[in-house]
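*Asks:* need a 3D model of the following:
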Amino acid sequence: MKTFVICLMAIGILTFMGAVVWSTLQGAEVECEVCLVFDGEETCRRGRGPSEVEALAAAHQSACGGNTSGMAESIACMNRLPERSTCPAN
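*Replies:* Numbers count the residues shown, from 1 in each chain. All right, here's what the predicted structure looks like:
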């Protein structure tokens, strides 16, 4: 009975690890770059996602992450329109 439980746990762990690796390798298909000015400083960052919308959102969030301190500034930055954004064909 004890070996059965150990085998079952090992199968569960391997299945979980396989799912994590598989979902990671499915990866992002689109890469975009967003440049924005916040608090007088321009920051450009890239983001990836399964769609252009999600890649732009990831890049925007990344650009705001390095420019802000605190929740209020973070929200203000996320509501700001980018100066430019590009999603080159992959």
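*Asks:* would V53 count as being in a helix?
*Replies:* Yes: under DSSP: H, G, I helix; E, B strand; the rest coil, V53 falls within a helix.
*Asks:* dump the residue contacts of it.
*Replies:* Shown in contact with V53 (CB atoms under 8 Å, 6 or more residues apart in numbering): no residues. Just so you know, the C-beta spots here come from the backbone N, C-alpha and C atoms, and that holds for glycine as well.
*Asks:* and it, how far is that from H60?
*Replies:* 11 Å (CB to CB, to the nearest Å).
*Asks:* same thing with L36?
*Replies:* Note on L36: its distance to H60, by CB to CB, is 7 Å.
*Asks:* what does E73 give?
*Replies:* 14 Å.
*Asks:* how near is the residue nearest to S74 when sequence neighbours are not counted to S85?
*Replies:* Leaving aside its chain neighbours, S74 sits nearest to T68 (4.6 Å; criterion: CB to CB, 6 or more residues apart in numbering). Using CB to CB, T68 is found at 18 Å from S85.
*Asks:* next one: M78
*Replies:* Taken as CB to CB, the span from M78 to S85 is 14 Å.
*Asks:* ok, those two, which is more surrounded?
*Replies:* Neighbours were counted for M78 and for S85 using other CB atoms under 10 Å; S85 has more, 19 against 16.
*Asks:* what about V5, distance to G12?
*Replies:* 10 Å.
*Asks:* got it, and E54?
*Replies:* 30 Å.
*Asks:* any chance you could map the strands in the chain?
*Replies:* 30-38, 41-49, 84-86 (DSSP state E).
*Asks:* buried stuff in the lengthiest helix in the chain?
*Replies:* Across the chain, the longest stretch assigned as helix under DSSP state H is helix 2-26. Going by neighbour count (16 or more other CB atoms under 10 Å), nothing in helix 2-26 comes out as buried.
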